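>>> sequence and predicted structure, then a few things I'm wondering about:
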Amino acid sequence: MHSSSDNREAIETVHELIKEIEIAMLTTVSEKGLVSRPMKTQDVEFDGDLWFLTKKDTGKFHELLRNSQVNIAYAGKSFVSIRGKAELVESTEKLKQFWSPAYEKFLETHVDDPNLILIKVEAETAEYWDIGNKFKMVKFLFRRLLGKNTEGTEINRIVELK
């Protein structure tokens, strides 16, 4: 069992690793198998939940109605894979909070479109590869080259977020 301070630390670490990565790959389960697509993560402080905006007339909407298990992958200075449970949220207030004029062109719609919906992902577990930290990376590579155990280099970790 993880303490709440371990949980907070894990959430803060994941937040630091993903905060400047604008686009994530959201993976859902379709009738034919796994499907990944690029999604813009909403600019909010990561507290264990991730938010995305979509339309109800999309494949991902219908896939989430059938199976709420998702994975979100981030790639930038670090790599982060987050497993969680998605919830479809209809909230005009939240939509307006996240809305930007870029969505009008990108989604070809407006903020009051009843076809818009939010996807809230409650993150359960994250695995990350912190390759942006040069000291950790050098330590990892040095130990690997010497044929030593790379445990403790913390380049790659799995953390429970719930």
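Great, that's in hand.
>>> can you show me the helices along the chain?
In the chain, the helices defined using DSSP state H lie at 4-18, 59-66, 92-98, 101-106, 134-145.
>>> okay if I get the ones you listed as JSON lines plus distance to Glu160, mean pLDDT and mean neighbour count?
In this view, the C-beta of every residue, glycine as well, is placed from N, C-alpha and C. Shown next, in JSON lines, are the helices of the chain (distance: least, Cβ to Cβ, whole Å; pLDDT from 0 to 100; neighbours: other Cβ atoms under 10 Å):
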{"stretch": "helix 4-18", "distance to Glu160": "7", "mean pLDDT": "83", "mean neighbour count": "16"}
{"stretch": "helix 59-66", "distance to Glu160": "23", "mean pLDDT": "97", "mean neighbour count": "16"}
{"stretch": "helix 92-98", "distance to Glu160": "26", "mean pLDDT": "92", "mean neighbour count": "13"}
{"stretch": "helix 101-106", "distance to Glu160": "33", "mean pLDDT": "85", "mean neighbour count": "11"}
{"stretch": "helix 134-145", "distance to Glu160": "21", "mean pLDDT": "63", "mean neighbour count": "13"}
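>>> out of these, nearest to Glu31?
Of all those, helix 59-66 sits nearest to Glu31, with 8.0 Å by Cβ to Cβ.
>>> using JSON lines, lay out the helices of the chain together with distance to Lys32.
Formatted as JSON lines, those follow (distance: least, Cβ to Cβ, whole Å):
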{"stretch": "helix 4-18", "distance to Lys32": "29"}
{"stretch": "helix 59-66", "distance to Lys32": "10"}
{"stretch": "helix 92-98", "distance to Lys32": "30"}
{"stretch": "helix 101-106", "distance to Lys32": "26"}
{"stretch": "helix 134-145", "distance to Lys32": "38"}
